[in-house]
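In: pasting the sequence and the predicted model now:
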Amino acid sequence: MDELINDFIGETREMLEALSGEIVAWEAEPGDRARLDEIFRFVHTVKGNSGFFDLPRIRALSHAAEDALAAVRSGDRTPDARLVSAVLAVIDRLAELVEALETGEALASEDDSALIDALSDEEPAEALEAEAAPAGHSARTSSRTIRLPVELLDRMMSGVSDLVLARNELARRVRESGDAGLEAAFERVSATVADLRDGITRTRMQRIDNLFAPLPRMVRDISGQTGKQVSLEIDGGDVEIDREMLEMIRDPLTHIIRNAIDHGIESPADRRRAGKDETGRLRVCARQAGNHILLEIADDGAGIDGDKLVRRAVAAGVLTAERAERLTEAEKHALVFEPGLSTAASVTDLSGRGVGMDVVRANVERIGGLVEIESRRGRGVVLTLRAPLTLTIIPALTVAAGGQTYAIPRSAIEEIVRVKGGGVRVESVGGAAFATVRGRRMPLVYLRESLGQEPSSDPSGQSLVLLRPAGAGLYALAVDDIHDHEELVVKPAAPAVMAAGLYAGTTLADDGKPVLLLDPPGIAARAGLALHRTTGEAEAAPQAADPAAQGPAALLFRTLAGAKRLVPVAAVQRIEDVGSEAVQFSAGRLHVAVGDALLPLEGCGAAPDRPIRLLRLGDGHKEIAYGFADVVDILPLPAGMIPASEPGEVRGVVLVGDEQAELLDLHWLFARHSGRPSTAGRRP
């Protein structure tokens with residue numbers, strides 16, 4: 001019996017989450033029979049189940065709601081705001097009762113008569129009886145589903161995580177063996193592990209609809225409290241995200257919605273004076289971008305008053321007056337994330353205490369995400385939350401310092417350069433270290449020193465990882481060596497380790513040794529860096545760029561044939577590792593399958609027989625893949641190019657140091673796969 005009760009609680013809770021939004025939508029479109037039928041089916045189902053389990057309060061409430069809705073379905077009653085509010089109140093009480101049924105706690109109120117009376121239309125209850133339940137059960141296409149305990153899913157995911165680690169170790173040993181036959185067999189096993197991991201991961205995934213379902217009700221209630229008129233538009237509800245991540249971003253989203261209505265969208269009178277429609281618009285949109293979810297919340301309100309924020313920040317001691325004068329408009333807007341600052345004129349139940357947006361930022365950063373803000377005075381605000389799809393397996397870069405291996409979340413990495421590379425200069429000013437990379441000056445942190453290790457005996461042989469943690473200022477982290485990009489299974493570290501403030505978790509390398517995941521914001525804080533959220537870069541005195549650093553940044557790489565070539569960094573979307581099975585010759589040319597994308601493949605004369613690395617190149621309209629062996633450096637694009645004798649893959653030749661390097665002709669490459677004339681628009 002307990003198992004049946006648990007099934008009833010779980011099923012009712014799922015239906016409740018989706019129902020409040022349906023009721024609000026039905027209020028806006030009273031003639032929508034499909035929504036009315038859906039709401040009616042819910043209360044009818046709850047009534048029947050509560051009768052079976054002998055739950056009189058739930059049965060009485062659901063029965064009263066069913067009667068009222070049956071009257072609407074039969075045409076005897078017209079839905080109005082009073083009826084919708086009464087139904088919503090009943091739904092809230094049902095949710096409380098189901099929660100109490102699960103926890104065993106008693107509710108403060110034991111009287112539901114007021115809620116039931118509110119559903120009446122001043123007619124005898126008998127007149128509202130309409131046994132129309134069979135009509136509500138229209139034929140629906142249902143998928144086969146099964147309920148599983150969350151603990152079981154977690155154990156399955158833990159097993160798959162261990163399998164991924166074992167695969168990483170096996171990959172290292174296969175590479176060391178150099179056995180081509182063994183590599184081919186491993187690729188099949190690796191593909192199977194990847195499919196299994198994706199399948200198990202999807203069992204933890206939920207449609208983001210579960211996050212969006214309460215929003216219509218929330219917007220309706222807050223609009224009523226503030227006396228504003230707000231229309232809500234939701235898009236991207238079919239995007240899926242890890243259930244744990246879903247819960248992590250629920251509170252930040254709630255904060256943002258409340259702020260958008262209370263702070264951003266003006267009252268009807270103010271909107272009329274501004275020449276706007278009386279009803280404000282709020283748009284919530286979700287989309288997947290790589291291994292991240294982008295959640296965008298946009299309103300057409302008054303926008304952020306940057307000058308008011310600056311005045312309050314100076315008064316609160318967050319900014320100095322001198323620093324405030326140098327802020328750009330975007331930096332002023334980012335002050336909303338500073339603790340204790342609010343633009344509200346007075347404290348209300350919704351806002352005004354200076355608590356909220358700083359919590360949003362902290363919660364999103366805690367899960368490896370970031371928050372971006374864009375505001376235009378009088379036009380509104382767009383807030384974008386970027387969060388990983390899952391907390392369990394993340395892409396990371398493994399590095400070495402002092403003989404130990406560490407991992408850095410790839411989402412925080414902007415670039416990797418060598419200290420000895422062109423356009424890189426390291427210097428010390430007043431006891432503080434700085435790195436200048438192609439004219440950009442930023443603070444420099446030595447990982448060895450941050451971890452309490454002995455300084456490197458050869459600092460010039462180190463590499464710099466340029467980090468921008470969660471949208472903050474840029475800084476450089478000096479490490480002894482760069483290992484590789486890997487997918488790592490991250491788990492919480494021991495409390496004593498996490499208390500150091502330098503680590504975000506622990507994982508295992510492919511050789512089975514434990515690896516600590518570094519926390520970029522924590523390292524910056526330990527080094528005492530003033531990486532203000534309000535600045536595009538870390539605070540550092542401007543300095544003239546090196547003469548050699550005037551050209552755009554270019555990636556110097558080695559092709560599969562061993563030649564050195566250059567491509568503008570701006571055209572490189574990302575670098576991927578793929579197995580040989582992902583490459584096939586079709587439609588007269590090579591193509592590679594990367595995730596859900598099928599891309600034309602250049603840089604390979606034939607289908608490879610072993611894993612390769614890809615540059616994913618984009619021109620804003622199309623994307624292609626280019627196979628290569630390894631990255632050599634990132635440096636300013638040299639001047640003095642000698643053009644190629646005829647149009648083709650190579651645009652010309654330049655001198656890098658004392659060696660020649662070929663410059664890719666991106667226009668020719670993209671034109672080759674778009675049907676455009678390959679010589680059109682070529683620059684001399």
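Out: Arrived safely, thanks for sending.

In: quick one, what contacts residue 118?
Out: Neighbouring residues of residue 118 by CB atoms under 8 Å, 6 or more residues apart in numbering: 82, 85-86, 89. All C-beta spots, glycine's among them, are computed from the backbone N, C-alpha and C.

In: kindly write the PyMOL command that selects the buried subset of the residues you listed.
Out: Command for PyMOL, covering only those of those found buried under the criterion 16 or more other CB atoms under 10 Å:
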select buried, resi 85+86+89
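
In: check the contacts of residue 118 and tell me the two furthest apart.
Out: 82 and 89 (10.8 Å; CB to CB).

In: hang on, the earlier thing: so can I have TSV of the contacts of residue 118 showing pLDDT, secondary structure and distance to residue 165?
Out: Shown next, in TSV, are the contacts of residue 118 (pLDDT from 0 to 100; DSSP: H, G, I helix; E, B strand; the rest coil; distance: CB to CB, whole Å):
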residue	pLDDT	secondary structure	distance to residue 165
82	81	helix	59
85	81	helix	54
86	84	helix	55
89	84	helix	51
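
In: wait, which of the contacts of residue 118 is closest to residue 455?
Out: Nearest to residue 455 among those, with distances taken as CB to CB, is residue 89, at 66.5 Å.

In: the closest residue to the closest one other than its chain neighbours - how many residues pack around it?
Out: Excluding its sequence neighbours, the residue lying closest to residue 89 (CB to CB, 6 or more residues apart in numbering) is residue 115, at 5.4 Å. Residue 115 has 20 neighbouring residues, counting by other CB atoms under 10 Å.

In: same question, residue 602
Out: Counted with other CB under 10 Å, residues neighbouring residue 602 total 21.

In: if we ignore the residues flanking it in sequence, what's nearest it?
Out: residue 626 (4.9 Å).

In: mind listing what residue 86 touches?
Out: By CB under 8 Å, 6+ apart, residue 86 lies in contact with 68, 115, 118-119.

In: rerun that using 10 Å as the cut-off
Out: 64-65, 68, 80, 114-120 (CB atoms under 10 Å, 6 or more residues apart in numbering).

In: rewinding a little: in CSV: the contacts of residue 118, plus distance to residue 465.
Out: Output for the contacts of residue 118, formatted as CSV (distance: CB to CB, whole Å):
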residue, distance to residue 465
82, 61
85, 56
86, 59
89, 55
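
In: residue 225: which of the contacts of residue 118 is nearest?
Out: The closest of those to residue 225 turns out to be residue 85 (CB to CB; 13.3 Å).

In: ok, that closest one touching residue 220?
Out: Yes. Residue 85 lies in contact with residue 220 (CB atoms under 10 Å); the separation is 9.3 Å.

In: could you list the domains of this protein?
Out: Annotated domains of the chain cover 2-136, 151-203, 207-385, 393-526, 551-672 [automatic domain parsing].

In: where among the ones you listed is average confidence lowest?
Out: Of all those, mean pLDDT reaches its minimum on domain 2-136 (a mean of 74).

In: mind checking the SS state of residue 7?
Out: helix (DSSP: H, G, I helix; E, B strand; the rest coil).

In: burial count for it?
Out: 12.

In: got it, and residue 574?
Out: 13.

In: and if you look at residue 448?
Out: Residue 448 has 20 nearby residues by other CB under 10 Å.

In: also the one 4 residues further on?
Out: Using other CB under 10 Å, residue 452 is surrounded by 9 other residues.

In: in a helix, it, correct?
Out: No. Per three-state DSSP, residue 452 lies outside any helix segment and is coil.

In: tell me how far it lies from residue 111.
Out: Applying CB to CB, to the nearest Å, the value for residue 452 to residue 111 is 64 Å.

In: ok, residue 490 next?
Out: 50 Å.

In: look at those two and report which has more neighbours.
Out: residue 490 (21 against 9).

In: what pLDDT does the residue nearest the centre of the chain get?
Out: For the chain, the residue nearest the mean C-alpha position is residue 387 (2.2 Å; CA atoms, centre = their mean). On the pLDDT scale, residue 387 is placed at 78.

In: SS state for it?
Out: Quick answer, by three-state DSSP: residue 387 is strand.

In: name whatever forms a beta bridge with it.
Out: Beta-bridge pairing of residue 387 under DSSP bridges involves residue 293.

In: test my guess that it contacts residue 252.
Out: Yes. Residue 387 lies in contact with residue 252 (CB under 10 Å); the separation is 9.0 Å.

In: so what sits against both of the two?
Out: Contacts common to residue 387 and residue 252, judged by CB under 10 Å, 6+ apart, are 295, 363-364, 367, 369, 371.

In: now, the residues you listed that are in strands?
Out: Among those, DSSP state E puts 295, 371 in strands.

In: if we can go back for a sec, look up which helix or strand the residue nearest to residue 89 falls in, please.
Out: Using DSSP states H and E, residue 115 sits within helix 113-118.

In: what of residue 92?
Out: helix 81-103.

In: then that helix to CSV, C-alphas only?
Out: Only the C-alpha atoms of helix 81-103 are listed here, as CSV (Å, rounded to 0.1, in the frame of the first residue of the first chain):
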residue,chain,number,x,y,z
ALA,A,81,-11.2,35.9,-12.9
ARG,A,82,-13.1,34.9,-9.7
LEU,A,83,-13.5,31.3,-10.9
VAL,A,84,-9.9,31.0,-12.0
SER,A,85,-8.6,32.4,-8.7
ALA,A,86,-10.8,30.0,-6.8
VAL,A,87,-9.6,27.0,-8.8
LEU,A,88,-6.0,28.2,-8.3
ALA,A,89,-6.6,28.4,-4.5
VAL,A,90,-7.9,24.8,-4.5
ILE,A,91,-4.9,23.7,-6.5
ASP,A,92,-2.6,25.3,-3.9
ARG,A,93,-4.4,23.5,-1.1
LEU,A,94,-4.2,20.2,-2.9
ALA,A,95,-0.5,20.7,-3.3
GLU,A,96,-0.2,21.4,0.5
LEU,A,97,-2.3,18.3,1.3
VAL,A,98,-0.2,16.1,-1.0
GLU,A,99,3.0,17.4,0.6
ALA,A,100,1.6,16.8,4.1
LEU,A,101,0.6,13.3,3.1
GLU,A,102,4.3,12.6,2.2
THR,A,103,5.9,14.3,5.2
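
In: helix/strand/coil for residue 120?
Out: Going by three-state DSSP: residue 120 is coil.

In: swap in residue 607?
Out: With three-state DSSP as the basis, residue 607 sits in coil.

In: so what's the nearest residue to residue 375 once chain neighbours are set aside up against?
Out: Distances taken as CB to CB, 6+ apart place residue 304 nearest to residue 375, at 4.1 Å, with adjacent residues excluded. Contact analysis of residue 304 by CB under 10 Å, 6+ apart lists 263-264, 329, 332-336, 343, 373-377, 380-381.

In: and residue 651, by the same measure?
Out: Residue 651 touches 566, 641, 643-644, 662-669, 682-683, counting by CB under 10 Å, 6+ apart.
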